[in-house]
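Enquirer: need a 3D model of the following:
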Amino acid sequence: MNYKIDERFRWQSRLVLGYCRSGHNSSSGYAAVQQLTFNTDHYRFTAQVVLFHVKDWANRIYLYEPGFYYSFNFPVYYGTGHKTTILFDLKPAKGFGVAVKLSGTGNKGKQSWESGIQIRIKL
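Expert: Residues are numbered from 1 along each chain as shown. Down below sits the predicted model:
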């Protein structure tokens, strides 16, 4: 589901269902994704929250995650937990940009954090 209030604000909702059967064994899983994006000429803010429950590794789910310019992120979701990603991209002048990304995952009581910064200069 995509919802656009105007050209600056977008809300996306996705539900991914997985089912795997091998012989007499079967497993199911899901991932629910909420993503908000606010975009102007000088900055973009994106927040994504993923709730997932996938019992077996054979049934793992890959989902797109917002990332830096020219990067493609498709992390794997397995187990039970949640992942939150926040990306802020600032373009104060033509040919110059700074992006900051913060991501946290809580999975079966184990927490992990990722962060990064990207500086782009176009000459």
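
Enquirer: would D6 count as being in a strand?
Expert: No - going by DSSP: H, G, I helix; E, B strand; the rest coil, the assignment for D6 is coil, not a strand.

Enquirer: ok, now how distant is F96 from Q118?
Expert: Shown here: F96 relative to Q118, a distance of 12 Å by CB to CB, to the nearest Å. To be clear about C-beta, it is placed using only N, CA and C from the backbone, and glycine gets the same treatment.

Enquirer: so for the two, which residue has more residues nearby?
Expert: Neighbour count, other CB atoms under 10 Å: between F96 and Q118, Q118 has more, with 16 against 12.

Enquirer: and whatever helix or strand that one lives in, how far from the chain's centre?
Expert: Assessed by DSSP states H and E, Q118 sits inside strand 110-121. Strand 110-121 sits 13 Å away from the centroid of its parent chain (CA atoms, centre = their mean, to the nearest Å).

Enquirer: tell me which residue of this protein is furthest from the middle?
Expert: H24 (33.7 Å; CA atoms, centre = their mean).
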